[in-house]
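1. When you get a sec, could you give me coordinates for this:
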Amino acid sequence: MSEHHTRAELFRSLHTPGSPLVLVNAWDAASARIVAAAGARAVATTSAGVAWSLGASDGDVLGRDAAVGLVGRIVAAVSLPVTADIESGYGTTPAEVGATTRAVLDAGAVGVNVEDALHGDGGPLRDVSDQCARIGAVRAAADAAGLPLYVNARIDTFLTGAGGLDETVARAVAYLAAGADGIFVPGVVDPVTVRALVEAVPAPLNVLAGPGAPSVGELAGLGVARVSLGSAVAEAAYTVARRAADEALGAGTYGALGDALDYGTLNALMR
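-> Numbers count the residues shown, from 1 in each chain. Take a look at the predicted model:
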């Protein structure tokens with residue numbers, strides 16, 4: 001069995017309801033190594049952070065080659081399983097989504113997130129049959145490669161206001177039948193709704209957490225299997241850059257840099 005296959009099996013095994021896999025999403029090799037050094041069991045990319053770091057906006061704007069190249073650099077930087085956020089698949093057709101999947105697998109990823117919103121967050125949702133065809137293409141590409149790729153189907157009903165619990169569950173069931181392994185529902189942290197999703201969705205549930213959300217322990221108690229921080233970590237990092245710039249160019253002081261990781265620590269991580 002190849003190392004790639006072993007990592008894929010390991011990643012799949014980490015999705016346990018009640019003992020969630022916590023993913024502090026990275027966007028470059030340095031952030032991935034920082035997350036790994038903190039004791040993470042796996043590394044996930046954030047499509048927004050990746051796009052921003054490469055000079056593009058999030059929402060199906062970044063090209064496939066640039067996105068896949070970044071995934072490859074993160075895979076090379078850590079010894080942990082890496083799952084890639086591939087937005088809606090970097091392709092207009094299921095065949096193109098399948099091509100993206102093959103490229104991501106070649107880069108060494110063991111999981112993917114595939115969203116059902118058009119044009120990124122806030123866009124309308126794809127027709128269920130269209131999204132099922134795209135998920136089916138992802139699964140077919142993984143099966144052809146002989147790898148147990150973990151396909152995390154993101155459902156943006158709550159995030160976009162396009163539907164509630166019933167619509168979300170209906171989409172989840174359809175996506176699982178099409179080949180997904182897990183369901184990701186960003187925009188929901190209310191314990192009652194999270195519990196209802198856990199009970200209704202017959203697969204590991206992934207939620208997006210951040211300030212104001214229940215703790216990892218509380219989400220575990222609700223039966224959640226995966227907790228992601230999404231783009232929030234990249235946003236926080238860029239906020240420090242903004243504060244440092246405003247302060248240096250305004251007051252002429254440097255207080256925003258006071259809690260920074262030191263040069264030696266960061267440089268050692270990259271050796």
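2. for this protein, which residue is closest to the average position?
-> By CA atoms, centre = their mean, the mean C-alpha position of the chain lies nearest to residue 85, the distance being 4.5 Å.
3. quick one: the closest residue to it other than its chain neighbours and residue 39, what's the gap?
-> In this structure, residue 85 finds its nearest non-sequential neighbour in residue 47, 4.1 Å apart by CB to CB, 6 or more residues apart in numbering. Just so you know, the C-beta spots here come from the backbone N, C-alpha and C atoms, and that holds for glycine as well. Look at residue 47 and residue 39: by CB to CB, to the nearest Å, they are 24 Å apart.
4. Would you mind measuring the gap between the ends of stretch 55-63?
-> End-to-end span of stretch 55-63 (CA to CA, to the nearest Å): 11 Å.
5. Buried residues of it, list them for me.
-> Of all the residues in stretch 55-63, those buried under the rule 16 or more other CB atoms under 10 Å are 56, 58, 59, 60, 62.
6. How about stretch 65-73?
-> Of the residues in stretch 65-73, those scored as buried under the neighbour-count criterion (16+ other CB under 10 Å) are 67, 68, 70, 71, 72.
7. same deal with stretch 6-21?
-> For stretch 6-21, a neighbour-count test (16+ other CB under 10 Å) marks 7, 8, 11, 12, 14, 15, 20, 21 as buried.
8. What is the nearest of those to residue 221?
-> For the buried residues of stretch 6-21, the closest approach to residue 221 (CB to CB) belongs to residue 20, at 10.2 Å.
9. which SS state does residue 35 fall under?
-> Put simply, residue 35 is helix when judged by DSSP: H, G, I helix; E, B strand; the rest coil.
10. Residue 128 versus residue 105, what's the distance?
-> Relative to residue 128, residue 105 is positioned 26 Å away (CB to CB).
11. for residue 14, same thing?
-> Going from residue 14 to residue 128 by CB to CB gives 28 Å.
12. Same check on residue 170?
-> Here the criterion is CB to CB. By it, residue 170 lies 8 Å from residue 128.
13. what's the answer for residue 218, then?
-> Separation of residue 218 from residue 128 (CB to CB) stands at 31 Å.
14. do residue 240 as well
-> Taking CB to CB as the measure, residue 240 and residue 128 are separated by 41 Å.
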